[in-house]
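K.L.:
output the structure for:
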Amino acid sequence: MSVEKRILQQSQAGRQRLLGAVLVATLAAVLLIVQLILISQVVNRVFLDGSDLAKMWPWLGLLLLLALLRAIVIGAGDILAQHAASRVKSHLRQQLTNHLFLLGPLYTRAERSGELANTLVTGVEALDEYISQYLPARNLAGIVPALVFVVVLALDPWTSLVLLFAGPMLILMLALIGGRAKALTERRFAEMSWMSAFFLDMIQGLPTLKMYGRSREQAAQIGDISRQFGHTTMDVLRTAFQTSLVMEWAATAAIAMVALEVSLRLMNGMLPFDRALAVLLLTPEFFMPLRQMALKYHAGTAGKAAAERIFEVLDTPEPVVQPAALATNGHPAAIPHRFDLGFDHVGYTYDGRQRPALSSFLLTIPHGQTVALVGPTGAGKTTVSSLLLRFIEPNTGRITVGGTALSAIDRRTWRAQVAWVPQQPHLFHGTVAENIRFGRPDAGQADVVAAAQAAYAHEFIQALPQGYETVIGERGARLSGGQQQRLAIARAFLKDAPVLILDEATAHLDADSERLIRAALARLAQGRTVLVIAHRLQMAYQADQIVVLDHGRAVEQGKHQELLNRNGQYRHLVASYQGGAL
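P.N.:
Residues are numbered from 1 along each chain as shown. Modelled structure (predicted):
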């Protein structure tokens, strides 16, 4: 399916408005044709036939009315075309956002954030001129010349032969030049996306660049990228100028040819004056839509280049859900009453990797118990939490909740039952209260404060300039790492979900805060099913069960002291963590 068809399929309302814009513009062209024929008749009657100008006032009034009506019609067409572009852009942005949510963190981590942001904002915006200007111009380039040709054919068949030859020649010339314009525009959009990603990397890594003395080198690279983008932009503009110049020259030459042959036949008495004047007035209007399309051709190629990248993202398949457990009786399964979690021979391999992250992984977390996962880096701990959060789906085996296949439960419904505190929480630009309310958007201020108190965040929040209404900046820029972590824990308290996933939830805390948070988390864990990803082994000591992972398999399981007594891998991990033998 062509890019244009896919764009127009995004919004039925947008499609209808674009069709309306083309029809209205066609009506404007018809009104112009009538105007020009009337003008030729008025001029002929006044200057050649010697008619009294006073008798021409009805004709002049009709011309004025047609001009006014045409202006209104043109304005309506522009409004319809702009509405069509707005509808399609809005729908595409929403569709892109929804699809990125479905693709999940695994996809966004593999892509450059700046490039995705450029596609979502600049790429979609590039469709504005494509839809509101290029598509109407291209459609009118096929309709209006045909209408003018039919009228000219009726007035002067000889001139129609010139138009019949010149029109296709102009289209052929545009097509020949258009191939280079398309390639350059695609390259420009790719370079703009790369530049956006590079700038975002630089901004996010500014402290590192300053500390390692690499800021000048980075600035030089940005200069090189900017210069290359500038050169490509100039190539695009140069090609657009050449396209317009060639089309203008060809159209002017064709109009001059028509003027010459019409004048010769007029002087020889082979063509009446009124018809000759009408043909001379209509001929530029035959070429005008083709010239307009040439002017908008750059917008067309830019829109297509952006659309191809947009559809590349939209065509990225979602994580595959195992078909055998999608639904119960054709409907998603209900949330069970108990939250026993089970991993039954689960296997998962990341795309592009040979070694599986998990292999025949077996684990049971009884309802209301806390299980801690420990193991070296790359053992598969984060993969287990990603599977439970349904950011990814298992390649083999299955995960169950209260005996029900997790894949049979709607993702949104399941995630409503889970509170998650990641190792590096994300705080959004907004107030402290707004960030805590991500745990429960309808929570009242008293609940927000209670959650903050439970996370031992209330004291530092009160010390902020506006307390809970303090704007903390993007990624919590105005807070320390420990403060950011405690706000994330407050979210989990506020959500009050039956399943809790803690990915090193006490990271970045001082010793006193860590002790208090552990006590708070112990209270929060009562009656809940808790999975702890313990990068720091102290988090695992009080768990009901500790599971040691190595190369994607559970190699040991038991309580802290029990595992120490076995003198196995867990004991070696603890010894390494404490800096020596036990």
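K.L.:
residue contacts, Ile130?
P.N.:
No, residue 130 isn't Ile; it's Tyr. Ile7, Ala85, Ala299, Gly300, Ala302, Gly303, Lys304, Ala306, Ala307 (Cβ atoms under 8 Å, 6 or more residues apart in numbering). Every C-beta, even on glycine, is put in place using the N, C-alpha and C of the backbone.
K.L.:
backbone dihedrals for it, please?
P.N.:
phi -60, psi -40 (degrees, to the nearest 10).
K.L.:
now it: how far from Lys296?
P.N.:
Going from Tyr130 to Lys296 by Cβ to Cβ, to the nearest Å gives 9 Å.
K.L.:
before we move on, what about Pro356?
P.N.:
52 Å.
K.L.:
for those two, indicate the residue with more neighbours.
P.N.:
Lys296 (23 against 19; other Cβ atoms under 10 Å).
K.L.:
show me where the stretch 251-400 of the chain has strands.
P.N.:
Secondary structure of the stretch 251-400 of the chain by DSSP state E, counting those that start in this stretch: the strands cover 341-348, 358-365, 370-374, 396-401.
K.L.:
list the buried ones in stretch 543-551?
P.N.:
Neighbour-count burial for stretch 543-551, counted by 16 or more other Cβ atoms under 10 Å, picks out Ala543, Gln545, Ile546, Val547, Val548, Leu549, Asp550.
K.L.:
sort out for me which of those residues are in strands.
P.N.:
The strands, defined by DSSP state E, take in Gln545, Ile546, Val547, Val548, Leu549, Asp550 from the buried residues of stretch 543-551.
K.L.:
the nearest residue to Phe493 once chain neighbours are set aside: helix or strand, and which one exactly?
P.N.:
Nearest residue to Phe493, sequence neighbours excluded (Cβ to Cβ, 6 or more residues apart in numbering): Ala451, at 4.0 Å. Assigned by DSSP states H and E, Ala451 belongs to helix 445-454.
K.L.:
show me what that helix is packed against.
P.N.:
Using 3 or more Cβ pairs under 8 Å, 6 or more residues apart in numbering; DSSP states H and E, the elements in contact with helix 445-454 are helix 432-436, helix 458-462, helix 481-495, helix 511-525.
K.L.:
contacts for the first one next, please.
P.N.:
If you take Cβ under 8 Å, 6+ apart as the criterion, helix 432-436 is touched by 427-428, 443, 445, 448, 451-452, 461, 464, 467-470, 472, 476, 487, 490-491, 494.
K.L.:
check the second one too.
P.N.:
The set of residues that contact helix 458-462 without belonging to it, under Cβ under 8 Å, 6+ apart, is Val432, Val449, Ala452, Gly467, Tyr468, Thr470, Gln483, Arg486.
K.L.:
what's opposite Leu549 in the beta bridge?
P.N.:
Under DSSP bridges, the beta-bridge partners of Leu549 are Ala554.
K.L.:
contacting residues for it?
P.N.:
Applying Cβ under 8 Å, 6+ apart to Leu549 gives the contacts Leu373, Val374, Gly375, Ala379, Gly380, Lys381, Val384, Val555.
K.L.:
try it again at 7 Å.
P.N.:
Leu373, Gly375, Ala379, Gly380, Lys381 (Cβ atoms under 7 Å, 6 or more residues apart in numbering).
K.L.:
the fourth one against Val555, yeah?
P.N.:
No: shown here, Gly380 and Val555 do not form a contact pair, counting by Cβ atoms under 7 Å, at 11.0 Å.
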